[in-house]
Each structure stands twice: as structure tokens, then as C-alpha cells.
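**Student:** Give me coordinates for this.
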Amino acid sequence: MTKKKTRRKSNKIVGRCLESDAHAQTIDEGFAFLDRPILMPREALAYQWALRNIALNNMRIKSESTREAVENGTSYFSDGSIKVKAHILSGIATDVRFASDDPDATIDRIMLSFVKVYNEQTRRWCPVDSHLWLFIDQLTVRQGEGWEERKDGEGFGVALGDRVIILAEDRIYDGPKGMRRHGVGEWSVLSSSLLYGINGKKRFRICEVPRKVVTDGYLMFFKKRGEQVATALVNNGEWAGCQERCREAAAREPWSLVAYLEQNKHPMYR
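**Tutor:** Next up, the predicted model:
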């Protein structure tokens, strides 16, 4: 007797959409809650595209936030006579910009959405702003961030929709209407992973999409080469092709076309 093949039901996102209000500092977690795990590369790509749409549709473009909420996080200071203050930030990689329209032009900056700062004392992530731009010319690799333990040729990538954790120098600059804003100076990537939530019967839990399932949508790669760490960036032409594949994946995964964020009614379990 042959076993009848059953078609796996399409994934879907549940919950209700929340607006990322930079003024009120009420930023959601930035990832969606699903009714089943992400197991296929096409599902992952459709979900990555959905996260991008969530962020772009709900961010405040002309925000008057000074990002003073970054001071709610733990401050770290560099060694030496000149102390440089830094914070551990997290956000969802949702958009990129290029220096020119040349197809070979690489990324000039990456946008993080649903930005939060880490407070080491309370072990919590505190909302900062709806979005923040990271300039590639300020990207660095610092000692003591785990590269010493990696083998030659090892590394990781930052993909669209990833929750990226960075160590970022705090820089003050003049924002709109002459107000002083907190921005990012030099920054380095500590980790990057694609997360989603699963609604259980008693509580929800946060899951990570396995990297073998995330096969597309990468924005940058880091790889150890001897004593150095090489960085590879996606270019304009590759990004255009990636967007087309994302749209095709979304069209074949209808659940991803209507994306919602889950309202947090309970404390996050980490």
C-alpha cells in the first residue's frame, strides 16, 4: 500500500499590524509570528521580503526622534586617552542604498529597522527608533569579537530580514530643524540571524531559520582569511535580481503578501 502524499499547507502570518512610532518610542520586535516553521528556501525568501515590506510600510521617514533612548542601554568605552562611547544595537536588515546607478556599484549603506539597544543590567532590549542607516565606509572588524577562534575560511553572511546585532560607536550629528541626534560612527557585526515567532497553546517562542534554508537575499559576507577578515558586498545588479526573486517567491507563497506584526501581550522569553 502506498502512502498518499498530502500537500503541505501554505504558511501564514498571524497577529495584527503595529505602527512603528518613533516619537512615542513604541517599536515592536520586528519579526512576524507564523503558524508553522519555515522549512523551505522559497518560504524563507518570501518571509524575508515580507519583513522588508513591514518595515518600509510602517517607518517614520521624517522622524523627529533624537534617539536619546539609546542612553537606556549599557555604554561601553574604548581604551586609550580618548574614550569613545559605544552601544550594542539590534535591528532588522530591511533596505540598502548604492552610491550610483552603476550595476557594479556595491552597497553604500544598510537600513536597520525596529532598532533597539541592549541593557546589560536588566538583560533587555530597549526601543530606540523605527530605523537607522549604517554606512559601509564605517564598517570595521574589531579584535575580541570571536574571529580569533574561527578557522581560516569560516565566516557568516547578513541577509535581508536578518536580526543583526552590532557594536556601534555613538556619534552626535545635526538632524532636521537643527536638533542634535544620536547616530552611528564605526560599527561591527556581532551576529546575524533570521528569526520568526511561533504561537503555541500556552505561550509563544522565538525560532531561528536554519542557515541552510536561507539561500538567497544576502547583502554581505564576512570570511576569515589568515589574520584578516574579508568583506564581500552585493552590488546594484545583484540586488535587482534578488528583488525579482523575492517577488516571485512572495507570489508563490500568498501568506507572505499580507504581513502582520504580533502585539506583545506577554514579556519576551529569551
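**Student:** Would you check how far apart residue 198 and residue 232 are?
**Tutor:** Using Cβ to Cβ, to the nearest Å, we find residue 198 at a distance of 33 Å from residue 232. Quick note: C-beta positions are derived from backbone N, CA and C, even for glycine.
**Student:** go on, residue 106?
**Tutor:** 9 Å.
**Student:** again, but for residue 123
**Tutor:** 34 Å.
**Student:** in the chain, what spans have low per-residue confidence?
**Tutor:** Where the chain drops to pLDDT under 70, the residues are 1-31, 58-65, 80-82, 144, 175-177, 199-203, 258-270.
**Student:** Please enumerate the helices of it.
**Tutor:** Taking DSSP state H, the helices of the chain run over residues 41-58, 236-252.
**Student:** May I see the buried residues of the longest one?
**Tutor:** Of the residues in helix 41-58, those buried by neighbour count under the rule 16 or more other Cβ atoms under 10 Å are 41-55, 58.
**Student:** Same check on the last one?
**Tutor:** Residues of helix 236-252 classed as buried by neighbour count (16+ other Cβ under 10 Å): 236, 238, 239, 242, 246, 249, 250.
**Student:** Closest to residue 184 out of the residues you listed?
**Tutor:** residue 239 (21.7 Å; Cβ to Cβ).
**Student:** Can you verify my assumption that the closest one contacts residue 97?
**Tutor:** No - assessed by Cβ atoms under 8 Å, residue 239 is found out of contact with residue 97, at 10.0 Å.
**Student:** Now do the shared contacts for these two.
**Tutor:** Jointly contacting residue 239 and residue 97 under the rule Cβ atoms under 8 Å, 6 or more residues apart in numbering are residue 107.
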